[in-house]
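Colleague: Sequence first, then the predicted structure, then my questions.
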Amino acid sequence: MSKLFTAESVIGLKNPEKSFPLNNDVGVLKWRLQTTDESLTPLTINCWPSESGSGCDVNIEYELQEESLELNDVVISIPVPSGVGAPVIGDLDGEYKHDSRRNVLEWNLPLIDANNKTGSLEFSIAGQPNDFFPINVSFVSKRNYCDIQVAKVTYVDGDGPVRFSSETSFVVDKYEIL
């Protein structure tokens, strides 16, 4: 972390003699959260597979933990056993797709936000409870997790403001439920 950021909460180039490249997208700040603390996850996923006479009944639920976020293109990928046919879908919020080549049931939710903060999927299929893990989750958001925003951009010598644009992207690198 640079001294400028530590002292003044300002992000600047390491070498102030150089300039930012014009008309090019430049990643200025990347932030990463790696944790096993479930209270910090923006979206919790719970999965309860239970054995039945013909295989397993699986109930999966999601809950948005951070209501200020809008999660788009949410895909919850649940592994399913191969060679046993397609799952029989019961209750469902959103849509699903069974990919028999990859042995995955993809639960697709176009938007999870404060108005749609919980949902569930129930299905039945031949298999054992451990067959349905790990579950992988992906999503994108135009709102970031920690609400950092660019307040202003100035020339290095402090001589007036600079016109700028800013794009926020919150993406999942790896989110697994084991």
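Modeller: Okay, I see it.
Colleague: mind listing what the residue nearest to Leu64 when sequence neighbours are not counted touches?
Modeller: Closest residue to Leu64 in three dimensions, ignoring its sequence neighbours and counting by CB to CB, 6 or more residues apart in numbering: Lys117, at 3.9 Å. The way it works is simple: take the backbone N, C-alpha and C, and place the C-beta from them, glycine included. Shown in contact with Lys117 (CB atoms under 8 Å, 6 or more residues apart in numbering): Glu63, Leu64, Glu67.
Colleague: With Gly94 instead?
Modeller: Gly94 makes contact with Val74, Trp107, Asn108, Leu109, Pro110, Gly119, Leu121 under the criterion CB under 8 Å, 6+ apart.
Colleague: As a quick check, tell me the outermost residue of this protein.
Modeller: The outermost residue of the chain, judged by C-alpha distance from the chain's mean C-alpha position using CA atoms, centre = their mean, is Asp159 at 39.4 Å.
Colleague: Gly83 and Asn103: what is the separation?
Modeller: Using CB to CB, to the nearest Å, we find Gly83 at a distance of 9 Å from Asn103.
Colleague: Comparing those two, which shows the higher neighbour count?
Modeller: Between Gly83 and Asn103, Asn103 has the larger neighbour count (other CB atoms under 10 Å), namely 15 against 7.
Colleague: What does the pLDDT read for the residue nearest to Leu64?
Modeller: Confidence at Lys117, expressed as pLDDT, is 96.
Colleague: And the furthest pair within the contacts of Gly94?
Modeller: Comparing every pair within the contacts of Gly94 by CB to CB identifies Pro110 and Leu121 as the most remote, at 14.7 Å.
Colleague: can you pull out the helices in this structure?
Modeller: Ranges of helices within the chain are 3-8, based on DSSP state H.
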